[in-house]
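[1] 3D model of this:
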Amino acid sequence: MISGIIEGFYGPPWSHDARLDFLDFLAEHGGNTYVWAAKLEPRHREKWAEAFTDSELQQFSELAQRHQQVQVLIGITPGSEATTKQLADKLRSAIERGCHGIVLSFDDLPVLHAATKHRDLANELIEELKTQVWLVPTHYAGTTSSPYLEKLFEGLHEDVLVMWTGVHVVNDSITARDAQLRTAVCNNRKPLLWDNTPVNDAIMSESLHLGPYASRETALRDEISGLLLNPMEFALASRPTIVSALAWVHGADAFAAWKAFVSHHGWSEIAAATAFPDDPHWPGARPSDEWWQSVADMKPEGLEAGCRPWVDAAKQGADLVLSARKLIAELGDPEISVLGRFHLAVKWRTWRRLPVLTYGGGPRIRPVVTNDENGKFAYRSGTVISTTSLVDDEVMRCLQDI
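    Below you'll find the model as predicted:
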């Protein structure tokens, strides 16, 4: 079964060294696939018609040869005027350097009229290049059919794998029945699941996703042709979710694999501090003083520097809660009550203005949208969730008259 990652997020692409290290990580944990498809790689999307540079081809070669058991595919988002010859001439160089296939990425484009062209490009490239060809359709979410999907699958080569993100672009859960319904509207072709987790790009950039792979039915494994996760721009911080997902693929306990990984790396506290109430690693509505102190004292090592804002916010929030609880215990002293609460309120106001989400606070914004029967995006209410954080709850208990 295909298992691994598709580097398909919006935002700064990974460095070549980060990709090599992640291939090592995949090989160690039973993953077998890496797809190069970061949206801001210039010759993936914006400059799709340009030939790959010598440096890029050398990097592709190093990636493809890193591990025999980990295949490397190269993604491209062709423009509307693309021809088979253009694409074949460009992509052949990557295949000759050892890459194991290509991915035609037609996601997030206003081209629902272009299904026939997408099908023909896939069919012709699989014959021209004699390699694997996968396809990300423009209608990539949901369980309904559409004119686009009907035309796409009419005569599509049987070896072309077609990706699907689930019922929504991002999903709290995915069931076997969801995949069965998708298969039924895709000419009985099982989807290759592009699971948008732990990605935190675009409107999700205030969140840090360090949790386990969860709420994917065990039976789902039998209804898909493979699983590719879309990581964060933070390669190291993406590992907890991905090690958990790879355990799921292999029939092991996904939560246990995650817990062992974050415990080993000293990331348990920051993972819980950046969780949301429906997550399996949520610390609960009223964590103990001991837990708050452990977060205040934490020194997680190994995370990227870009994760530092969440670590700092979590530590500051923990200090606020501990201060609030101490003040509640001292409210019998009028002077402490007035000055202490003013001081707490000012620090809390500053903390609430930090540009990251911690302790379940919101508004949390995610693309919980789907493709409708016409293939167009349809909004769902779960896209925006407005909640107060654990820190807000604790501080307000202190600031209100008790």
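[2] Now do the lowest-mean-pLDDT helix or strand in the chain: distance to the chain's middle.
    Lowest on mean pLDDT, DSSP states H and E among the helices and strands of the chain sits helix 334-352, with a mean of 89. Computed by CA atoms, centre = their mean, to the nearest Å, the chain-centroid distance of helix 334-352 equals 38 Å.
[3] in the stretch 301-402 of the chain, which spans are helices?
    308-329, 334-352, 390-399 (DSSP state H, counting those that start in this stretch).
[4] Just the buried positions in stretch 286-294, please.
    Going by neighbour count (16 or more other CB atoms under 10 Å), the buried part of stretch 286-294 is 287, 291, 292, 294. Any C-beta I mention is one placed from the backbone N, CA and C, and that applies to glycine too.
[5] Could you do stretch 306-322 as well?
    Here stretch 306-322 shows 307, 310-311, 313-322 as buried, counting by 16+ other CB under 10 Å.
[6] And the contacts of it?
    208, 233-234, 237, 269-270, 273-274, 289, 292-293, 295-296, 298, 300, 303, 344, 347-348, 351, 354-356, 358-359, 389-391, 394-395 (CB atoms under 8 Å, 6 or more residues apart in numbering).
[7] Mind checking the pLDDT average for that stretch?
    Averaged across stretch 306-322, the pLDDT comes to 98.
[8] Report the two of the buried residues of stretch 286-294 separated the most.
    Taking CB to CB as the measure, those reach their widest spread between 287 and 294, a distance of 9.4 Å.
[9] Contacts only, for residue 34.
    So, once contact is read as CB under 8 Å, 6+ apart, residue 34 ends up touching 4-7, 19, 22-23, 26, 63, 70-73.
[10] same deal with residue 77?
    Counted by CB under 8 Å, 6+ apart, residue 77 has contacts 44, 45, 48, 104, 105, 106, 107, 109.
[11] Residue 123 too?
    Per CB under 8 Å, 6+ apart, neighbours of residue 123: 155, 156, 157, 160.
[12] Quick check: the two most widely separated of those?
    155 and 160 (10.7 Å).
[13] higher neighbour count, these two?
    Using other CB atoms under 10 Å as the criterion, residue 155 and residue 160 rank with residue 160 on top: 20 against 11.
[14] hang on, the more buried one packs against residue 131?
    No: the criterion here is CB atoms under 8 Å, and residue 160 misses it with residue 131 at 11.5 Å.
[15] What about the contacts of residue 77, which one has the most neighbours?
    In the contacts of residue 77, the most neighbours by other CB under 10 Å go to residue 105, 27 neighbours.
[16] does it have beta-bridge partners, and which?
    residue 136 (DSSP bridges).
[17] quick one: pLDDT of it?
    Note on residue 105: pLDDT of 98.
[18] quick one, strands of the stretch 151-300 of the chain?
    Secondary structure of the stretch 151-300 of the chain by DSSP state E, counting those that start in this stretch: the strands cover 161-164, 192-198, 226-230.
[19] Compile the contacts of residue 34 into JSON lines and extend it with columns for distance to residue 256 and secondary structure.
    Formatted as JSON lines, the contacts of residue 34 follow (distance: CB to CB, whole Å; DSSP: H, G, I helix; E, B strand; the rest coil):
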{"residue": "4", "distance to residue 256": "21", "secondary structure": "strand"}
{"residue": "5", "distance to residue 256": "21", "secondary structure": "strand"}
{"residue": "6", "distance to residue 256": "25", "secondary structure": "strand"}
{"residue": "7", "distance to residue 256": "27", "secondary structure": "strand"}
{"residue": "19", "distance to residue 256": "28", "secondary structure": "helix"}
{"residue": "22", "distance to residue 256": "22", "secondary structure": "helix"}
{"residue": "23", "distance to residue 256": "25", "secondary structure": "helix"}
{"residue": "26", "distance to residue 256": "20", "secondary structure": "helix"}
{"residue": "63", "distance to residue 256": "31", "secondary structure": "helix"}
{"residue": "70", "distance to residue 256": "24", "secondary structure": "coil"}
{"residue": "71", "distance to residue 256": "28", "secondary structure": "strand"}
{"residue": "72", "distance to residue 256": "30", "secondary structure": "strand"}
{"residue": "73", "distance to residue 256": "30", "secondary structure": "strand"}
